[in-house]
Structures are given as structure tokens and as C-alpha cells.
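S.K.: Generate coordinates for the sequence data below:
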Amino acid sequence: MKDRTGMLRIVALLLAIGVAGVADIQVVASVSPAKAEAEYFPTQQDFVGKWKLTGATSRPPRDMRTAPAAQQEADATLFQETVTTFYSAFDYLEITADGRYNFHQPGDPSGSCVWCGTWSFDKSSLWLKLDTAPRLDIYAKNGDIQMTYTAEPDKKSKYTWLVFGWTKME
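M.R.: Numbering: from 1, shown residues only. Here you go, the predicted structure:
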């Protein structure tokens, strides 16, 4: 009997310590496989509309195996500024449901094609059909577009450093 009482005291002490320790830990709820599959994946229709450039940055390409050299970062930053100036010359990017896109310049009629082309949709991303293969992604319902580049003309590394943010115009 004496052994049981001692053991119960030890169990009670360990339980009290465990409860006190758990009180400081943030609870992470498990997610069912059905809920995980219900995560948001954009459709073609989510990209349709008029989009305004709202931001730009440069970052090393994801497949870069070594740390970028200072000169690579400087070149990418300069190129980012150049391309941002180019995109800033447009009023907005229009993506239509019939598979076309058009970058509109200020003062141009709505239907005029300044810099336009066609797009395709694959793996929850919209792809502009250009040599640089810009990829447009939306990460949340009613969210902004993030534009990144996956291909480069002339095998230059600067395009893969570019990231642009676009916000849907009302």
C-alpha cells in the first residue's frame, strides 16, 4: 500500500509539472487531409481583370547554389530599377478571359494593343507568352498577383531575380 501511495504522489507531481509546462506551449491543431486539400488554388478567372503595379523587388533565383556575389546583386538591383521604370509607364495590366493580356499606356484607347499577347494557365499559375516567361501567381483568394520570371533571353541571370506585385483595380 505504501508503494502505491508513493507512486501516486510521483504520478500526481509529474502530471502537475506536465500541465504547467503545457500551459506555456502554443497549441497547434491538427488539420484533416480533407481540409488540407481545400486550400485555395486560383483558377483562370481569378486572374481576369485590370491590375496595377504596386511593388517590385529582386531576390536571388531559387535554384542558385551559392551565395550571390556583390556584383550580381548590384546588377540585379539596377536591372530591377530599369524594368520597374518600364512597367511603371503603363496604367495597368489587363488580363481577359479570352486568353489575352495587354499592358495599357496612359491616354491609349481601351482596346489598343500597346504591349500585348496571349497567356496560358497551368498548375494554378498564369503564364504570359513572352521570351522571358513571366509567371503570375495568386496566393490567396482575392489576393494580389506576384509576377516572377522562369526563363531568360540570351541566358542572362538578371531576369530570374525580378519579382513584381500587382493589385487588382476596382
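
S.K.: mind listing the strands for the chain?
M.R.: With DSSP state E applied, the chain shows strands at 49-58, 92-95, 100-104, 115-122, 125-128, 134-138, 145-149, 162-168, listed in chain order.

S.K.: of all those, which lies closest to Pro42?
M.R.: Among the strands of the chain, the nearest to Pro42 by Cβ to Cβ is strand 134-138 (4.2 Å). Just so you know, the C-beta spots here come from the backbone N, C-alpha and C atoms, and that holds for glycine as well.

S.K.: The closest one vs strand 115-122, what angle?
M.R.: Per axes from the mean of the first three to the mean of the last three Cα atoms, to 10 degrees, the angle that strand 134-138 makes with strand 115-122 is 60 degrees.

S.K.: Report the buried residues of strand 134-138.
M.R.: 134-138 (16 or more other Cβ atoms under 10 Å).

S.K.: For that strand, what is the distance to the chain centroid?
M.R.: 8 Å (Cα atoms, centre = their mean, to the nearest Å).

S.K.: repeat for stretch 132-141
M.R.: Worked out by Cα atoms, centre = their mean, stretch 132-141 lies 7 Å from the chain centre.

S.K.: same question, stretch 55-62
M.R.: 11 Å.

S.K.: First-to-last residue distance for it?
M.R.: Start and end residues of stretch 55-62 are separated by 20 Å (Cα to Cα, to the nearest Å).
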